[in-house]
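Visitor: Compute the structure for the input listed below.
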Amino acid sequence: MQIPEYYNPVAREIAQALVDGFNRHYQLFREVSQQAKQLFEDAAWQGVQRLVRDRIQFYDERVHETVQRLQHQFHADLLDDEIWQQAKLYFIGLLTNHKQPELAETFFNSVFTRILHRDYFNNDFIFIRPAISTEYIESDPPSYRSYYPKQRGLRHTLRQIVADFGWRRPFANLSRDLAWVIRAVDEYFAQGWPQAEANLQIQLLSSAFYRNKTAYLFGKVVNGGQVYPFAVPVLHDADGRLYLDTVLLEPWRIGVLFSFSRAYFMADMEVPSGYVQFLRSMLPTKTKAELYTMLGLQKQGKNTFYRDFMQHLQHSNDQFTVAPGIRGLVMLVFTLPSYPYVFKLIKDVFGGPKEVDRATVKAKYQLVKRHDRVGRMADTLEFSNVAFPKARFSDELLDELRRLATSSIEEGPDTLVIKHLYIERRMKPLNLYLMNSDTAEKERVVREYGDAIRDLAAANIFPGDMLFKNFGVTRYGRVIFYDYDEIEYMTDCHFRRIPPAPNPEMELSGEVWYPVARNDVFPEEFGTFLLGDPLVRRVFLQYHRELLDAGFWQHKQQRIRDGYIEDFYPYPVELRFCHRYAARLRRQDAGAP
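Guide: Below is the predicted model of the structure:
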């Protein structure tokens, strides 16, 4: 960018208005994270869910406010290009000592792109690349705390670590929990801990991470050149006292806590880049985009993702192709084989008996974004006006886009712009996975499929269309739901049993002899279209027969209406201390040593 010969005072005021708008956003963001701690202490679980849901809207609300201010004060859409270029330079200057410069740059982009045409979406006007480094930004309090076990002993250090989080709730038996942590660590390092260096440190992020009914502590042991990450979930017992539920030591298991199928964390971060850098040192396979997103900074996650994606396009040459599997009736799905994501856009005309429209589909995806995904629904990144290199599209895919989604694309000589697009992590469609699995794996994944439906029901989600093609299998073998055009809240459904036919002829006719309203659901019918394969039918009925009974669904509905929040553990029950050391716990409860 060329620096103009003179500066316009309007440009300075615009830059300040943009910084003010962002600062207001991040102030509210931190206030929510601080409230999360209090709600956790109060066991106000519905309040926690409300905070996570409402926080998602904060960013767009502040962007809208700032756009309105710029339009009202400066008629921003009529300003000369030179003023916008100057405003960007002033804005960079205002970020010199800012604690969240990367987030502020993204906020600048969001406001600017709401005001001007995409012809201006280039480095002269927006932040295509970061202008301010996020390395070594100081935070108060520091992003992480360091402890030295050799000074006062490991057990005392662990007790101090827990105390420093300052929870008002007492622990049921912290000495017992810390002993189990140490025992679990000893069991994990079966050959014994590596020889400890004199300056061995335990480092923990200063804020706990709150989600659902759990507070998570994230840290790492630094022993010379070796780093050992860990995570500790803290829960409430039946009496409202706290306890340490387990310690996770395998990096991939810790990474699962940041899965795209989970709700976003709430953590109080003055310098979010410091938290992301710390987490990446623990979880090097997680991208910055994934971590920013899971910290509740979805727009920064989207921005970082898009930069990474553009970089990938420059260093690859494969073509976008139609995604494998059964074609959807509502969404057109394509993929880039070298990239682990799929791209979805809404068709112009829906096939089959679909009773939804474009606005309804968008609302369903927004519902999932704001809802607790309990490890069973895929998060999506939503984009507008994405320009792709046209030469990278296969002829088959271009033909489908032109036939099925012509209103959503704009073609130029060298580019293809998709006006509205969803991007989500690629998974193996469950129907294809079952076709290519051996007997043992098929049995496991059918059981997983039923567990996914149960978890969704407990989270107040009815999938609607439960065909296998609407579920995917992750790289860890977990079954995830990803087709949202027919989902409903459980509490909006009417689960019914099929009434007896008035006569045998009517039952044999195949005609429906009972009235059916829009949200009526008859679970007895699920087996007809889901359980054609004898092996699938046997396993499903063995473990999930009650899913075919309306009573199961009615019971779940009532629990939801009563305000009950289920427990969802993003790690195997076998790793929970209450399970691993159940026999010892029973002896302690009985008064035995």
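Visitor: alpha carbons only for contacts and neighbour counts from here, please
Guide: Fine.
Visitor: what's the helix or strand for R454?
Guide: helix 439-458 (DSSP states H and E).
Visitor: Pull the residues that contact that helix.
Guide: 373-374, 376, 434, 462-463, 477-481, 490, 535-536, 539-540, 543-544, 553, 556, 560, 566 (CA atoms under 8 Å, 6 or more residues apart in numbering).
Visitor: Return the list of strands paired to the next helix-or-strand element following it, each annotated with direction.
Guide: For helix 439-458, the succeeding helix or strand toward the C-terminus, using DSSP H and E, is strand 461-462. Here strand 461-462 has these sheet partners by DSSP bridges: strand 488-489 (antiparallel).
Visitor: Just give me how far the strand it pairs with sits from the chain centre.
Guide: Chain-centre distance of strand 488-489: 19 Å, with CA atoms, centre = their mean, to the nearest Å.
Visitor: Likewise for stretch 153-162?
Guide: That offset, for stretch 153-162, works out to 32 Å (CA atoms, centre = their mean).
Visitor: Can you give me the buried ones in that stretch?
Guide: Neighbour-count burial for stretch 153-162, counted by 16 or more other CA atoms under 10 Å, picks out L154, T157, L158, I161, V162.
Visitor: From P233, how far out is the last one?
Guide: Meaning V162. 12 Å (CA to CA, to the nearest Å).
Visitor: list the residues that contact both of the two?
Guide: With the criterion set as CA under 8 Å, 6+ apart, the contacts of V162 and P233 do not overlap.
Visitor: which residue packs closest to L205, ignoring adjacent ones?
Guide: Nearest residue to L205, sequence neighbours excluded (CA to CA, 6 or more residues apart in numbering): Y144, at 4.1 Å.
Visitor: Distance check, the one you found against M269.
Guide: The gap separating Y144 from M269 is 10 Å, by CA to CA.
Visitor: Please say which of the two ends up with more neighbours.
Guide: M269 (26 against 16; other CA atoms under 10 Å).
Visitor: where does that one fall, phi/psi-wise?
Guide: M269 adopts backbone torsions of phi -130, psi 120, taken as degrees, to the nearest 10.
Visitor: Mind listing what's buried along stretch 424-442?
Guide: Neighbour counts over stretch 424-442 (16+ other CA under 10 Å) mark E424, R425, R426, M427, K428, P429, L430, N431, L432, Y433, L434, K442 as buried.
Visitor: Distance of the last one relative to L467?
Guide: By that I understand K442. Remark: distance between K442 and L467 (CA to CA) = 16 Å.
Visitor: before we move on, the earlier item: name the residues of the helix holding R454 that come out as buried.
Guide: For helix 439-458, burial by neighbour count (16+ other CA under 10 Å) applies to 442-443, 445-458.
Visitor: coming back round to it: before we move on, could you check phi and psi at the residue nearest to L205?
Guide: phi -140, psi 160.
Visitor: pLDDT score assigned to R537?
Guide: As predicted, R537 sits at a pLDDT of 95.
Visitor: How is this structure divided into domains?
Guide: 9-120, 144-313, 317-426, 430-562 (automatic domain parsing).
Visitor: Need the pLDDT of Y188.
Guide: Value for Y188, per-residue pLDDT: 89.
Visitor: For the nearest residue to it once chain neighbours are set aside, list the residues it contacts.
Guide: Excluding its sequence neighbours, the residue lying closest to Y188 (CA to CA, 6+ apart) is L249, at 7.7 Å. Residues in contact with L249 (CA under 8 Å, 6+ apart) are V185, Y188, Y228, P229, F230, A231.
Visitor: Quick one, which of the residues you listed are buried?
Guide: Applying 16+ other CA under 10 Å to the contacts of L249 flags V185, P229, F230, A231 as buried.
Visitor: Double-check that the third one belongs to a helix.
Guide: No - going by DSSP: H, G, I helix; E, B strand; the rest coil, the assignment for F230 is strand, not a helix.
Visitor: Okay, the residue nearest to it when sequence neighbours are not counted and Y569: tell me how far apart.
Guide: Nearest non-adjacent residue to F230, counting by CA to CA, 6+ apart: L249, 4.7 Å away. L249 is 16 Å from Y569, where distance means CA to CA.
Visitor: same question, I92
Guide: 43 Å.
Visitor: of these two, who's got more company?
Guide: Between I92 and Y569, counted using other CA under 10 Å, the more crowded position is I92 (19 against 15).
Visitor: how near is the more buried one to L116?
Guide: Taking CA to CA, one finds I92 at 20 Å from L116.
Visitor: Ok, R496 next?
Guide: In terms of CA to CA, R496 sits 52 Å off from L116.
Visitor: follow-up on the earlier one: okay, and which of the contacts of helix 439-458 map to helices?
Guide: The helices, defined by DSSP state H, take in L434, L535, V536, V539, F540, Y543, H544, W553, K556, I560 from the contacts of helix 439-458.
Visitor: tell me the phi and psi of the closest residue to H371 other than its chain neighbours?
Guide: Spatial nearest neighbour of H371, chain neighbours left out: R53 (6.5 Å); criterion: CA to CA, 6+ apart. Dihedral pair for R53: phi -70, psi -50, per degrees, to the nearest 10.
Visitor: before we move on, what about Q201?
Guide: According to degrees, to the nearest 10, Q201 has phi -120, psi 150.
Visitor: and it, how many neighbours?
Guide: 20.
Visitor: Identify each buried residue in the helix or strand in which E61 is found, please.
Guide: For E61, the host element (DSSP H and E) is helix 45-74. Of all the residues in helix 45-74, those buried under the rule 16+ other CA under 10 Å are 45, 47-49, 51-53, 55-56, 58-59, 62-64, 66-70.
Visitor: other SSEs contacting that helix?
Guide: helix 9-41, helix 101-115, helix 358-370 (3 or more CA pairs under 8 Å, 6 or more residues apart in numbering; DSSP states H and E).
Visitor: in this structure, which ranges drop under the pLDDT threshold?
Guide: 1-7, 117-123, 191-198, 352-354, 505, 507-510, 583-593 (pLDDT under 70).
Visitor: isn't R145 right up against S206?
Guide: Yes - the criterion here is CA atoms under 8 Å, and R145 meets it with S206 at 6.0 Å.
Visitor: which ones are touching the spatially most central residue of the chain?
Guide: The chain has F260 as the residue nearest its centroid, 3.9 Å off, counting by CA atoms, centre = their mean. By CA under 8 Å, 6+ apart, the contact list for F260 reads E290, M294, G375, A378, D379, R425.
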